[in-house]
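[1] what follows is a protein structure lacking sequence information:
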């Protein structure tokens, strides 16, 4: 279980006094970036191979408001890797262990023309790393 | 079926050359704001009664990339209104009628302390409007 | 004097209950997009010629808070066009005519490698339009 | 000279392939938050005294594009503290020491009604800290 953590930014709050939910998609992306950086799968390099990895879907369940001053931690695991697609599951908690939200995202590898590509053909050594990282449930 | 439409902003794109998915939560919020403004349920007034309406959940399925230069239209309907909660369903299309994404959001009325409130007690005339607007499926 | 106007979005507010200042750079960009769209200089087409137009500098003086429920209007004029650079001056007011902020941005034309380009050579007919639009002070 | 550093986020880039300039106002705010956290002047506590600290003005000069994969560092110093107002000066560099942008922001202390307040009366011990931190040029 990988963990990514940082303080909430002021500009992420809205007039309700809590973090605006649109930022959660960004927190998940930050968590994925650090996760892949830390597992030799840095996304900045994926794109240098001409391979992109957009989202296919995202769902979030909001549990508790995040506030300025909070430090959130996102726990993430990657699963269901098929060579072309994979899914990531997330739980975000605050500094008191309170669950802020739960979420999942689906991803697909595509080329510069946005056509699906198999990672095993496009970047074989990354395919091996992905296979090993993906958690079977 | 209510429709909200505008041009994509440059600052909504990312280095893939398409709209970053985190903006879609914002487009849905814009669509809801205009929908409620146009049905005598302006959210700016809801908050003036001390009633807030945060999201309980959100899910999105991404179908086609949106680009700078595109004009998107979001079709929305409100449903499953219970007096405390409701759901909104969305389809976003571009100027060629191509579906960009589909989504749904759940909402709950809460007071300034973030406790659930019944709209029928808090703002009775708005409760009647909501009941009439909500589409039964 | 060109005018661009729209409602403030909820997601643009912060926990002070007012619009977060980082959004003003985005409002200015929206105003420029509509201004250039309306004067046959659509930026989406500029980029299709391989010409980009990043900012060289920006300065803003904040006068009055903008709030959710407000409709802002940005008045803009383009000036000091040299063929490679130009400046834009802005005044943003709310629905009561109260000045929200004043600002100016500097811009330069560059190619895909981020090297300066002369618009008169790169897209001659746009150069003529820019020359005629730029207001000499 | 205080330093704040982090990686560029993907969602901060735009279709030019570089960081969108509107994010720089957010980077400066992050840098200020960490600076004040680290000097016993955490802004989350300032607001708990009913004192707020909005910007009065901001100016930025853009020097070099920031990219996904870059790690930026913002060097900041606080100056010209009057008890009611102060200014902050910033230089942002990338991992190669290349200057990305320079900027300055003006700030004023206000109460919940947005009226100017003197920090020496509102929170005297913070006034002393601010006086000692401010760099006279």
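    Ah, there it is. This is a predicted model, so every value here is computed, not measured.

[2] wait, what's in contact with the most centrally placed residue in chain A?
    Chain A has residue A:32 as the residue nearest its centroid, 3.5 Å off, counting by C-alpha atoms, centre = their mean. Residue A:32 is in contact with A:43, A:76, A:88, A:105, counting by C-beta atoms under 8 Å, 6 or more residues apart in numbering or on different chains. Glycine gets a C-beta too; all of them are placed from N, C-alpha and C.

[3] from those residues, which land in strands?
    Among the contacts of residue A:32, the members falling in strands (DSSP state E) are A:76, A:88, A:105.

[4] hey, what's the second one bridged with?
    Taking DSSP bridges as the rule, residue A:88 bridges to residue A:78, residue A:105.

[5] the lengthiest helix in chain A to helix B:22-37, inter-axis angle?
    Determined from DSSP state H, the single longest helix within chain A is helix A:22-37. Relative orientation of helix A:22-37 versus helix B:22-37 (axes from the mean of the first three to the mean of the last three C-alpha atoms, to 10 degrees): 170 degrees.

[6] quick one: buried residues of helix A:22-37?
    Using 16 or more other C-beta atoms under 10 Å in any protein chain shown as the test for burial, helix A:22-37 gives A:22-36.

[7] grab the nearest non-local neighbour of residue A:120.
    Among residues not flanking residue A:120 along the chain, residue A:127 sits closest, at 4.0 Å (C-beta to C-beta, 6 or more residues apart in numbering or on different chains).

[8] ok, the one you found touching residue A:83?
    Yes. Counting by C-beta atoms under 8 Å, residue A:83 is a contact partner of residue A:127 at 6.4 Å.

[9] now the common contact residues for these two.
    A:118, A:119, A:120.

[10] phi first, then psi, for the closest residue to the second one other than its chain neighbours.
    Think residue A:119. Leaving aside its chain neighbours, residue A:119 sits nearest to residue A:127 (4.6 Å; criterion: C-beta to C-beta, 6+ apart). Note on residue A:127: backbone dihedrals following degrees, to the nearest 10 are phi -60, psi -40.

[11] quick check: residue A:127 vs chain D, distance?
    Applying C-beta to the nearest C-beta, to the nearest Å, the value for residue A:127 to chain D is 22 Å.

[12] what is the neighbour count of that residue?
    Burial measure for residue A:127: 17 neighbouring residues, criterion other C-beta atoms under 10 Å in any protein chain shown.

[13] excluding its backbone neighbours, what's nearest residue A:89?
    Closest to residue A:89 by C-beta to C-beta, 6+ apart is residue A:104, at 5.0 Å.

[14] in this structure the one you found contacts residue A:86, no?
    No. Counting by C-beta under 8 Å, residue A:104 stays clear of residue A:86, with 11.0 Å between them.

[15] got a list of what residue A:117 touches?
    A:51, A:84, A:109, A:110, A:111.

[16] residue A:126 now?
    By C-beta under 8 Å, 6+ apart, the residues touching residue A:126 are A:41, A:46, A:119.

[17] quick check: it is in a helix.
    Yes. Counting by DSSP: H, G, I helix; E, B strand; the rest coil, residue A:126 is part of a helix.

[18] distance of it relative to chain D?
    16 Å.

[19] quick check, pLDDT for that residue.
    Looking at residue A:126, its pLDDT reads 95.

[20] also residue A:137?
    Each residue has a pLDDT score; the one for residue A:137 is 59.

[21] for residue A:23, same thing?
    98.

[22] now residue A:5, what's its secondary structure?
    Put simply, residue A:5 is strand when judged by three-state DSSP.

[23] from what I can see it touches residue A:70, true?
    No. Assessed by C-beta under 8 Å, residue A:5 is found out of contact with residue A:70, at 10.6 Å.

[24] the two: which has the busier surroundings?
    More crowded of residue A:5 and residue A:70, by other C-beta under 10 Å: residue A:70, with 18 against 14.

[25] mind listing what that one touches?
    Residue A:70 makes contacts with A:7, A:8, A:94, A:95, as judged by C-beta under 8 Å, 6+ apart.

[26] just those that are near chain D?
    Filtering the contacts of residue A:70 for proximity to chain D by C-beta under 8 Å from any C-beta of the partner chain leaves residue A:7.

[27] which one of the contacts of residue A:70 is nearest chain B?
    residue A:94 (14.3 Å; C-beta to the nearest C-beta).

[28] grab the nearest non-local neighbour of the closest one.
    Distances taken as C-beta to C-beta, 6+ apart place residue A:70 nearest to residue A:94, at 4.9 Å, with adjacent residues excluded.

[29] in chain A, what residue spans correspond to helices?
    If DSSP H is used as the criterion, the helices of chain A fall at A:22-37, A:43-48, A:119-122, A:124-133.

[30] and which of the contacts of residue A:117 is nearest chain C?
    Using C-beta to the nearest C-beta, the contacts of residue A:117 come closest to chain C at residue A:111, 20.0 Å.

[31] the closest one: how many residues sit nearby?
    Residue A:111 has 13 neighbours, counted by other C-beta under 10 Å.

[32] and residue A:113, by the same measure?
    Other residues lying near residue A:113 total 8 when counted by other C-beta under 10 Å.

[33] now, among the contacts of residue A:126, which is nearest to residue B:12?
    Checking the contacts of residue A:126 against residue B:12 by C-beta to C-beta gives residue A:46 as the nearest, at 22.6 Å.

[34] show me what from chain A comes close to chain D.
    A:7, A:9-11, A:25-26, A:29-30, A:33, A:42-44, A:68-69.

[35] hmm, back to that, what's the spacing between the residue nearest to the centre of chain A and residue A:12?
    Distance of residue A:32 to residue A:12, given as C-beta to C-beta, to the nearest Å: 18 Å.

[36] just the pLDDT at the residue nearest to residue A:8 when sequence neighbours are not counted, thanks.
    Once flanking residues are discounted, residue A:8 sits nearest to residue A:70: 4.8 Å by C-beta to C-beta, 6+ apart. At residue A:70, the pLDDT value in this model is 98.

[37] up against chain B, what does chain A have?
    Within chain A, the positions near chain B by C-beta under 8 Å from any C-beta are A:15-16, A:18, A:21-23, A:25-26, A:29, A:47, A:52, A:54-62, A:65, A:114.

[38] let me see the contact set for residue A:129.
    Residue A:129 neighbours (C-beta under 8 Å, 6+ apart): A:39, A:40, A:41.

[39] give me the buried subset of the residues you listed.
    Buried members of those, scored by 16+ other C-beta under 10 Å, are residue A:41.

[40] which one of the contacts of residue A:129 is nearest to chain D?
    Nearest member of these to chain D, counting by C-beta to the nearest C-beta, is residue A:41, at 13.6 Å.

[41] contacting residues for the residue nearest to residue A:85 when sequence neighbours are not counted?
    The shortest distance from residue A:85 to any non-neighbouring residue, by C-beta to C-beta, 6+ apart, is to residue A:108 (4.9 Å). For residue A:108, the contact set (C-beta under 8 Å, 6+ apart) comprises A:53, A:54, A:56, A:84, A:85, A:116.

[42] grab the two from those that are most spread out in space.
    Taking C-beta to C-beta as the measure, the contacts of residue A:108 span a maximum distance of 12.4 Å, between A:54 and A:84.

[43] ok, now how distant is residue A:14 from residue A:69?
    Distance, residue A:14 to residue A:69, using C-beta to C-beta: 15 Å.

[44] what about those two, which has more around it?
    Using other C-beta under 10 Å, the more surrounded residue of residue A:14 and residue A:69 is residue A:14, with 24 against 18.

[45] who touches residue A:89 in this structure?
    Neighbour list for residue A:89: A:76, A:77, A:79, A:103, A:104 [criterion: C-beta under 8 Å, 6+ apart].

[46] residue A:41 too?
    With contacts defined as C-beta under 8 Å, 6+ apart, residue A:41 is in contact with A:126, A:129, A:130, A:133.

[47] related to what we said a few turns ago, the contacts of residue A:70, buried ones only, as a ChimeraX selection?
    In ChimeraX, this line selects whichever of the contacts of residue A:70 come out buried by 16+ other C-beta under 10 Å:
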select /A:7,8,94
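
[48] from the contacts of residue A:70, which is closest to residue B:99?
    Nearest to residue B:99 out of the contacts of residue A:70 is residue A:8 (C-beta to C-beta; 34.0 Å).
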